[in-house]
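[1] No letters, just coordinates:
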């Protein structure tokens, strides 16, 4: 199965750390975020991954090309940042022959059970599924409201008056249908999944709630938190390479 791994961001909130290394190579518990993603891909049978590059791209390429894995990587360099949705549009040929594919943000750290998520997606009729988690701070997240069939009937980024505490985890399963919803081509605007795709899929996407571990390594505070919590997750889940 194929996946997009979105990794082109500048990581401005992690400066000065990200002045010299790309965000996806920031280390947690002794390994770069990107290595933890590869381990997850190996465990759940994701065989081909397109990773977009922008900030310090040579470091990312060198890491992947020297890392022993059967996962096949395709690189997509962005001279100008396209945004998460813009990356999908620019590389839609990557999933031309796929019925479904994953989309991940590389600055997340997670142990989500992707097999359970995929089974959930296949058991529903929608063309798009979003992983969800319960948050204590819904005003700072993308918030979803589900109906009795787990269809997302409302979605709002950083709502002033949240209607639920179910937050977007930034992990999706999509079909090529999304390319009929997105603009056909990229213009000068940065196109974002949260603002330019998800609102258009309300009523047509499913929400999968999980209590697995996920943290966005977006700030030094979150990085410190992950350093404290992740070793326990690794130990509890026997989270290791299996090839």
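    Yep, that arrived. Since we're looking at a predicted model, the values are computed, not measured.

[2] Pull out the buried residues from stretch 146-154.
    Neighbour-count burial for stretch 146-154 flags 146, 150-152 (criterion: 16 or more other C-beta atoms under 10 Å). Where C-beta positions appear, they are placed from N, C-alpha and C, glycine not excepted.

[3] JSON lines for those residues, including secondary structure, distance to residue 78 and pLDDT?
    Converted to JSON lines, the buried residues of stretch 146-154 look like this (DSSP: H, G, I helix; E, B strand; the rest coil; distance: C-beta to C-beta, whole Å; pLDDT from 0 to 100):
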{"residue": "146", "secondary structure": "strand", "distance to residue 78": "34", "pLDDT": "95"}
{"residue": "150", "secondary structure": "coil", "distance to residue 78": "34", "pLDDT": "95"}
{"residue": "151", "secondary structure": "strand", "distance to residue 78": "33", "pLDDT": "96"}
{"residue": "152", "secondary structure": "strand", "distance to residue 78": "29", "pLDDT": "97"}
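
[4] from these, which two are the most distant?
    Farthest pair in those (C-beta to C-beta) is 150 and 152. Separation: 8.1 Å.

[5] Name the residues contacting each of these two.
    Common contacts of residue 150 and residue 152, defined by C-beta atoms under 8 Å, 6 or more residues apart in numbering, comprise 206-207.

[6] worst-scoring helix or strand of this protein, pLDDT-wise?
    Sorted by mean pLDDT, DSSP states H and E, the helices and strands of the chain end with helix 17-20, the least confident at a mean of 74.

[7] Run through who's touching the lengthiest strand in the chain.
    Counting by DSSP state E, the longest strand found in the chain is strand 166-174. The list of residues contacting strand 166-174 from outside it, by C-beta under 8 Å, 6+ apart, reads 100-105, 108, 110, 112, 117-118, 121, 127-135, 138, 141-146, 155, 193-194, 198, 207, 209-210, 214, 216.

[8] repeat that with 7 Å
    By C-beta atoms under 7 Å, 6 or more residues apart in numbering, the list of residues contacting strand 166-174 from outside reads 100-105, 108, 112, 117-118, 121, 128-135, 138, 141-144, 146, 207, 209, 214.

[9] Repeat that for stretch 109-122.
    By C-beta under 7 Å, 6+ apart, the list of residues contacting stretch 109-122 reads 28, 33, 36, 44, 100, 129, 131, 171, 173, 206, 208, 210, 212-215, 217, 226, 230, 233, 237, 239.

[10] Mind checking which of those are buried?
    Buried by 16+ other C-beta under 10 Å: 28, 33, 36, 44, 100, 129, 131, 171, 173, 206, 208, 210, 212-215, 217, 226, 230, 233, out of these.
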